[in-house]
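Novice: got a structure for you, letters missing:
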């Protein structure tokens, strides 16, 4: 069942314009992430979780100012397979802005946190989070003269690392 959820998530997220990686090990994850970090200008990572703390960002590329970051690396809490959506839960202002302000949102998601649909996610909550941000692909709008614009209300690029279950 879990494998089917991951496949469905990857298929639907990819269809929405998300670049997905499924590393087999934490070492492979760090190597792939490092390639992406090397291609970015300034990276924001809050370091609030052990996984975020394990991300090695060179000192010249790290920023604590989200408004100047070209990319944000963030562990996201949940995924929804049905739509390929990542679900961010946060209570601090910086945590909420990490998925919205930089041009590139790099989400780190443990495969065991993918739910079949939004209803199954909500049913799993014992206490509702203070805030949820649902992201299904890069930000896009066609409100302006029916012309598709990417990045108007959020990131222009979204990358998701689906990680094996934590130890």
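Specialist: Arrived safely. Fair warning: this is a prediction, and the values are worked out from it, not measured in the lab.
Novice: where do the helices sit along this structure?
Specialist: Under the criterion DSSP state H, helices of the chain are mapped to 2-15, 26-39, 50-53, 93-97, 118-124.
Novice: tell me which of the ones you listed is the most buried.
Specialist: helix 2-15 (a mean of 16; mean count of other CB atoms under 10 Å). In short, each C-beta sits where N, CA and C put it, glycine included.
Novice: that one packs against which elements?
Specialist: With contacts taken as 3 or more CB pairs under 8 Å, 6 or more residues apart in numbering; DSSP states H and E, helix 2-15 sits against strand 19-21, strand 114-115, strand 157-163.
Novice: so can I have TSV of those showing mean pLDDT and mean neighbour count?
Specialist: Shown next, in TSV, are the helices and strands packed on helix 2-15 (pLDDT from 0 to 100; neighbours: other CB atoms under 10 Å):
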stretch	mean pLDDT	mean neighbour count
strand 19-21	96	17
strand 114-115	96	22
strand 157-163	94	22
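Novice: correct me if wrong: residue 134 contacts residue 82.
Specialist: No: the criterion here is CB atoms under 8 Å, and residue 134 misses it with residue 82 at 11.9 Å.
Novice: okay, and the common contacts of the two?
Specialist: Common contacts of residue 134 and residue 82, defined by CB atoms under 8 Å, 6 or more residues apart in numbering, comprise residue 118.
Novice: looking at the helices of the chain, which is closest to residue 62?
Specialist: Closest to residue 62 of those is helix 26-39 (CB to CB; 9.5 Å).
Novice: which of the helices and strands packed on helix 2-15 sits closest to residue 62?
Specialist: Set against residue 62 and scored by CB to CB, those come closest in strand 157-163, at 17.9 Å.
Novice: and that closest one, how far out from the chain middle?
Specialist: Distance, stretch centre to chain centre, for strand 157-163: 5 Å (CA atoms, centre = their mean, to the nearest Å).
Novice: residue 25 against residue 164, yeah?
Specialist: Yes: between residue 25 and residue 164 a contact is recorded at 7.3 Å, counting by CB under 8 Å.
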